[in-house]
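S.K.: Okay, sequence plus prediction incoming.
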Amino acid sequence: MAQRTFSIIKPDAVRKGFTGAILAEIEKAGFQILAIKRLSISKEQAKGFYAVHSARPFFDPLTTFMSSGPIVLMVLEKDNAIADLRKLMGATNPANADEGTIRKKFAGSIQENAIHGSDAEDTAAFEIGYWFAGYELV
Ligand code: CMP
């Protein structure tokens, strides 16, 4: 059954000019891009988005990084979208990512890792609702 997930092309990948190439990988893998926008977000907005990681040592550098330049936010749809996007992205640390994955091709480090994808249905629902209004998803 068609499932929605949420994804971000992170500031490192946008800065390096990889937006189009990453979108092409996503479409080639069979995802529909249901909604998409490019934004520069504040550190406060990044903190709200990553609130689940607020106790982690990487929270402050992560939210500084995510607010360091434009990002591309997307809602994607496909059967098994959440798991399939995570497979397409590869491991969080690009050093451990499989050949052919987006992070293997485009990411530089565990923090500057090119792309985010929701990890479960409840986080996908929170993340879509955090960045997109219902009228943007028709
Ligand atoms: P993301 O999928 O966006 O979810 C949380 C992010 O935190 C993750 O990608 C990485 O960018 C970052 N992250 C996770 N673990 C670490 C870590 N050990 N050190 C630095 N950043 C991390």
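M.R.: Nice, I can see it.

S.K.: mind listing what the nearest residue to Lys104 once chain neighbours are set aside touches?
M.R.: In space, Lys104 comes closest to Ala97 once its chain neighbours are excluded; the distance is 4.1 Å by CB to CB, 6 or more residues apart in numbering. From N, CA and C alone the C-beta is placed, and that goes for glycine too. With contacts defined as CB atoms under 8 Å, 6 or more residues apart in numbering, the neighbours of Ala97 are 89-91, 103-104, 107.

S.K.: How about Thr63?
M.R.: So Thr63 contacts 43, 46-47, 50 (CB under 8 Å, 6+ apart).

S.K.: Could you export those to JSON lines, including columns for pLDDT, neighbour count and secondary structure?
M.R.: Output for the contacts of Thr63, formatted as JSON lines (pLDDT from 0 to 100; neighbours: other CB atoms under 10 Å; DSSP: H, G, I helix; E, B strand; the rest coil):
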{"residue": "Lys43", "pLDDT": "98", "neighbour count": "14", "secondary structure": "helix"}
{"residue": "Ala46", "pLDDT": "98", "neighbour count": "19", "secondary structure": "helix"}
{"residue": "Lys47", "pLDDT": "98", "neighbour count": "18", "secondary structure": "helix"}
{"residue": "Tyr50", "pLDDT": "98", "neighbour count": "16", "secondary structure": "coil"}
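
S.K.: between those, which is nearest the ligand?
M.R.: Tyr50 (6.3 Å; CB to the nearest ligand atom).
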